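Asker: Give me a 3D structure for the following:
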Amino acid sequence: MTMTVPHYKSVSEALSGISGSKAELAQSRRIAGGDINEAYGLTLTDGTQIFMKSNRKENLSFFQTEVSGLNALAQTGAIGTPEILCTGTDEEGAGKSFLMLGFIEPGQRIPDYWAVFARELAAMHQAETADFVSGGKFGFTADNYIGSGTQRNTVSTGWIDFYRDSRLMPQFERASRYFGTAEEKKIDRLLAHLGDRLVEPEHPSLLHGDLWSGNVMTGPDGKAWLIDPAAYVGHAEADLAMTELFGGFPRAFYDAYQEAAPFQPGYDERRDLYHLYHLLNHLNLFGRGYFSSVKNIIDRY
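Answerer: You can find the predicted model right below:
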């Protein structure tokens, strides 16, 4: 069931709507960390804590698609996510768009934090996905973003077709200036024979889509909560591969996930193909520093 999220025409209107006009802004503090949006911690006079992201007015879709992703993750009931309060465009102030979420006050991690996280993620991956895809098995209700890059979510009945057409091909097209003729031939061959490398999943899974350590927080219950999704329905091992790209999680996480939802044979041989999507996205967003990693995977496959 899709959640209806209020949309306000100013920050002050949003705060009044959230508090029922019973509280006003007492404090606003800038929060560091993100490289796409400005982030703030807001405290109201009644003690309510709010996390607010803002960006240029024309980038409201960043927040609308984030709401869709958070709503989808929350709908599975499997794992913690921040409360969605509202979106808005501040017509009174600097003309910025914004998203307000419940502030996640971290608790003390539970003793088996990583194992519980793995089991809850596996449960999310095993949840029903029909509400998030119409007319196929893979994709999402709308296109969204991976970082600040657009992410195509055209619905497909096959995972391998979806991964080729909506993941790798758009990124290769954006990165075309980096590749010479010899590399272009290798890319064409890789895409043409992707079905020889990847496998269809046993069932489609709702994915976080950008599951690295920076998008996992400890919630007030001491368990892992997910933030900043790039959600879509795909193969669960794409999420797992992303967890391994930038440092990885402890062994206890992977052991517990494997016990809850065993990997399909050959995952280790497919993992770098899932890394390729995110490395191409980083190449397109941040430049040539990621080219050698992309080229190594193209050469390997």
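
Asker: Next, count neighbours for Glu200.
Answerer: By other Cβ atoms under 10 Å, 15 other residues sit near Glu200. Where C-beta positions appear, they are placed from N, C-alpha and C, glycine not excepted.

Asker: tell me the phi and psi of it?
Answerer: Here is the backbone geometry of Glu200 (degrees, to the nearest 10): phi -70, psi 140.

Asker: shaky segments in the chain?
Answerer: 1-2, 34, 93 (pLDDT under 70).

Asker: In it, mark out all the strands, start to finish.
Answerer: Secondary structure of the chain (DSSP state E): strands located at 7-8, 25-31, 38-44, 49-56, 84-89, 96-102, 144-146, 149-151, 205-207, 216-218, 224-226, 232-234.

Asker: among those strands, which is the most enclosed?
Answerer: strand 232-234 (a mean of 29; mean count of other Cβ atoms under 10 Å).

Asker: that older thread, redo the strands of the chain as a markdown table? Include distance to Tyr290.
Answerer: A markdown table is the format used below for these (distance: least, Cβ to Cβ, whole Å):
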| stretch | distance to Tyr290 |
| --- | --- |
| strand 7-8 | 36 |
| strand 25-31 | 27 |
| strand 38-44 | 25 |
| strand 49-56 | 24 |
| strand 84-89 | 32 |
| strand 96-102 | 28 |
| strand 144-146 | 14 |
| strand 149-151 | 13 |
| strand 205-207 | 22 |
| strand 216-218 | 22 |
| strand 224-226 | 25 |
| strand 232-234 | 22 |
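
Asker: any chance you could map the helices in the chain?
Answerer: Secondary structure of the chain by DSSP state H: the helices cover 11-19, 60-75, 113-126, 159-162, 169-174, 181-192, 236-245, 251-260, 267-286, 291-300.

Asker: Taking helix 251-260 as reference, get the angle to the third one.
Answerer: Right, the one you point to is helix 113-126. Between helix 113-126 and helix 251-260, the angle comes out at 40 degrees (axes from the mean of the first three to the mean of the last three Cα atoms, to 10 degrees).

Asker: now swap in the last one and tell me
Answerer: An angle of 40 degrees separates the directions of helix 291-300 and helix 251-260 when computed by the same axes, to 10 degrees.

Asker: Show me what counts as buried in helix 291-300.
Answerer: Neighbour-count burial for helix 291-300 flags 291, 293-295, 298 (criterion: 16 or more other Cβ atoms under 10 Å).

Asker: Who are the packing partners of it?
Answerer: Packing partners of helix 291-300 (3 or more Cβ pairs under 8 Å, 6 or more residues apart in numbering; DSSP states H and E): helix 181-192, helix 267-286.
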